[in-house]
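Novice: Sequence and predicted structure below; questions after.
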Amino acid sequence: MSQENIEISPEKSKQIKKPVYKELLLQGLWKNNPGIVQLLGLCPLLAITNTMTNALGLGLATLFVLIASNTLISLIRHHVTAAIRIPIFVMIIASLVTCVQLLMNAFTYNLYLSLGIFIPLIVTNCIIIGRAEAFASKNSVAHSAFDGFAMGLGFLGVLFLLGTIREILAQGSIFSGIETLLGSWAKVLTITLYTTDTKFLLAALPPGAFIIMGLILALKNSLDNKIKNKKKRPENASSINSVSK
Amino acid sequence: MAFINASSPYQSNKRKTSEIMRWVILCLIPGIAIQSYYFGFANLIQIFIAALTALICEGFILHMRKRPITVTLKDNSALLTAILIAISIPPLSPWWVVTIGCGFAIIFVKQLYGGLGQNIFNPAMAAYVLLLIAFPVQMTSWLPMHDLQSIDMSFIDQLSCILTGSTRDGYSLQQLTSNIDGLSMATPLDITKNALNAGFTISEILQRAAFANSSWQAIQWVNIGFLFGGGILLYKRIIQYTIPLSFLLGLSVFSFIAFAYAPDLNTTPIFHLFSGATMLGAFFILTDPVSAATTQKGRILYGLLIALLVVLIRNIGGYPDAVAFAVLLANICVPLIDYYSQPRVYGGRT
């Protein structure tokens, strides 16, 4: 579990109400993104992102479980003793995942089949227990639910990005099989960008996922560095000015 | 006259990286020449494309990393990687196969890890595995040897086939890789693997027409060419005998054990020694000073480990040849091997 998680004490959150949500969103989507900063949940991240549809399906399922588990755990946080908190968290998460699994089995059967074992494996996804332990068990219900949303959205974003790149490289299409998630009307969303006799199989296989993931991480780090340098420069300039004065 | 203040040993032979790499490249020539003799000059075209790509990629990434470009390019290491990739892929594979391979080897495997001396994996073999996984069809379309080719090809035809996918007369790679009988060609290792899966025994396979017509003879000679080049490397003391010797001995012993256990299911040690990339691997790939083990004991272990993996993957695994996979797997073990095989410091306790 990452130790960089922010902890917002109740008093502090009351003092500054508006920026908390903005900060939580920023943490989930960029600064503390579960996928590309905390590097949690790599197993589904790498295994299931071979198409955009799979990525979207698993991302939405994880998002839902995260919001619900964070809310429930935050609700019972005063009644659970520290000694047995982890088993209780896991039981809550497991029941929620079972709900999601049954729902997907009922309404998106084909997607359920193509995601396979990775739906029940959401239980073991470190992001969910991580957020429960680090955030939901210490913060108010509203903040916890929003944190679940922000983190889930961050994870969904990374899954979707990886899925897009891999699907374009390996199959040359966008949203193939999206009808399994959104219903038959969604077939219009499927776009074939190009067709070749020789598919770039590597992108569809786990090693390709690792390589593309590494490239995304590199891109994120270089963007962070650029932002840091930009922020530094004005300070330097002002300090030089003050010296010259 | 000035005395040079230097610590012992006073007599040493300092070879520059560029010189070592140049010798390795020169010693590849016999093998490459035999390859050209049997399969046509397409491999020279591949080497040219590979070298060009590798040098451009290396220069580009060095420019990005703000490192000296010309000095690094002159050390010939990128060139050697390019040549190794070019001669391990099928000679008539399309130009983008070798381009992607070289780009991956130089940018991802070598420079992203920190350049020459820092890479964990052998760049050429990592690229080969990448290509084999990504383009299985192109990477297994080996040409039949010259005498058995149904379509006579000139140099220009081969060039056109690599660049556009068909010869000037419009023959596709698929047609070119078939022999006179219209059977699709494969390497001897491929044929044995497929026939074994189909339920034939080794003695039956050796008598079948497919095997007799395969490029077994040519590949044997190519291996002998690389063995010869490796001999020169040993003679010039560019490489040490430890790794090639332990690898080849290990390969013989392990394959003999398998052969003695089930002669109908496992090929002979001689077949293992002279097929696929055995000799190229033994002298030119395993001995890569960067990614191989560095201690004396470690080198022996490293060679044996690769030999064991090669025999296991060839006999049991799904892929016909195994040198590339075995080398990568052994590369992962190198830090551990080195850690546990450090020699005792003179005067130190055991």
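Specialist: Good, I have the coordinates.
Novice: Show me the helices in chain A, by range?
Specialist: A:10-15, A:17-26, A:42-47, A:52-75, A:85-107, A:109-115, A:126-131, A:141-171, A:179-182, A:201-204, A:206-244 (DSSP state H).
Novice: other SSEs contacting the longest one?
Specialist: If I follow you right, that is helix A:206-244. With contacts defined as 3 or more C-beta pairs under 8 Å, 6 or more residues apart in numbering or on different chains; DSSP states H and E, helix A:206-244 has these neighbours: helix A:42-47, helix A:141-171, helix A:201-204, helix B:123-134. All C-beta spots, glycine's among them, are computed from the backbone N, C-alpha and C.
Novice: re earlier: rebuild the helices of chain A as TSV, extending it with mean neighbour count and distance to residue B:42.
Specialist: Below are the helices of chain A laid out as TSV (neighbours: other C-beta atoms under 10 Å in any protein chain shown; distance: least, C-beta to C-beta, whole Å):
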stretch	mean neighbour count	distance to residue B:42
helix A:10-15	10	69
helix A:17-26	14	56
helix A:42-47	19	37
helix A:52-75	24	39
helix A:85-107	16	52
helix A:109-115	17	42
helix A:126-131	23	51
helix A:141-171	22	28
helix A:179-182	19	45
helix A:201-204	19	24
helix A:206-244	12	28
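Novice: Distance to residue B:116 for these - can I get that in TSV?
Specialist: Listed next are these as TSV, based on distance: least, C-beta to C-beta, whole Å:
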stretch	distance to residue B:116
helix A:10-15	52
helix A:17-26	41
helix A:42-47	30
helix A:52-75	38
helix A:85-107	48
helix A:109-115	43
helix A:126-131	37
helix A:141-171	29
helix A:179-182	48
helix A:201-204	25
helix A:206-244	21
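Novice: re earlier: reformat the helices and strands packed on helix A:206-244 as CSV; add distance to residue B:52 and mean pLDDT.
Specialist: Output for the helices and strands packed on helix A:206-244, formatted as CSV (distance: least, C-beta to C-beta, whole Å; pLDDT from 0 to 100):
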stretch, distance to residue B:52, mean pLDDT
helix A:42-47, 34, 82
helix A:141-171, 24, 91
helix A:201-204, 23, 83
helix B:123-134, 15, 91
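Novice: possible to save those as TSV with distance to residue B:307?
Specialist: As requested, the helices and strands packed on helix A:206-244 are exported to TSV (distance: least, C-beta to C-beta, whole Å):
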stretch	distance to residue B:307
helix A:42-47	32
helix A:141-171	35
helix A:201-204	28
helix B:123-134	15
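Novice: Show me which residues of the stretch 151-300 of chain B sit near chain A.
Specialist: Neighbours of chain A within the stretch 151-300 of chain B, by C-beta under 8 Å from any C-beta of the partner chain: none found.
Novice: Look up the pLDDT of the residue in the stretch 151-300 of chain B that chain A sits nearest to for me, please.
Specialist: At 9.5 Å from chain A, residue B:165 is the closest residue in the stretch 151-300 of chain B, using C-beta to the nearest C-beta. Residue B:165 carries a pLDDT value of 73.
Novice: how close does the nearest residue to it once chain neighbours are set aside sit to residue B:52?
Specialist: Distances taken as C-beta to C-beta, 6 or more residues apart in numbering or on different chains place residue B:94 nearest to residue B:165, at 5.9 Å, with adjacent residues excluded. Using C-beta to C-beta, to the nearest Å, we find residue B:94 at a distance of 15 Å from residue B:52.
Novice: So which of the two has more stuff around it?
Specialist: residue B:94 (17 against 14; other C-beta atoms under 10 Å in any protein chain shown).
Novice: Pretty sure the more buried one sits against residue B:137.
Specialist: No: checked against C-beta atoms under 8 Å, the pair residue B:94 and residue B:137 is beyond contact range at 10.7 Å.
Novice: follow-up on the earlier one: so how far is residue B:35 from the residue of the stretch 151-300 of chain B closest to chain A?
Specialist: Distance from residue B:165 to residue B:35, by C-beta to C-beta: 22 Å.
Novice: The residue lying closest to residue B:38 once chain neighbours are set aside: neighbouring residues, count only.
Specialist: Nearest non-adjacent residue to residue B:38, counting by C-beta to C-beta, 6+ apart: residue B:218, 3.8 Å away. By other C-beta under 10 Å, 23 other residues sit near residue B:218.
Novice: For the stretch 201-350 of chain B, which segments count as helices?
Specialist: B:202-207, B:209-213, B:216-235, B:242-261, B:269-273, B:278-280, B:296-315, B:323-340 (DSSP state H, counting those that start in this stretch).
Novice: JSON lines for these, including distance to residue A:207 and mean pLDDT?
Specialist: Below are these laid out as JSON lines (distance: least, C-beta to C-beta, whole Å; pLDDT from 0 to 100):
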{"stretch": "helix B:202-207", "distance to residue A:207": "32", "mean pLDDT": "75"}
{"stretch": "helix B:209-213", "distance to residue A:207": "32", "mean pLDDT": "64"}
{"stretch": "helix B:216-235", "distance to residue A:207": "28", "mean pLDDT": "90"}
{"stretch": "helix B:242-261", "distance to residue A:207": "26", "mean pLDDT": "93"}
{"stretch": "helix B:269-273", "distance to residue A:207": "27", "mean pLDDT": "87"}
{"stretch": "helix B:278-280", "distance to residue A:207": "24", "mean pLDDT": "91"}
{"stretch": "helix B:296-315", "distance to residue A:207": "17", "mean pLDDT": "93"}
{"stretch": "helix B:323-340", "distance to residue A:207": "11", "mean pLDDT": "93"}
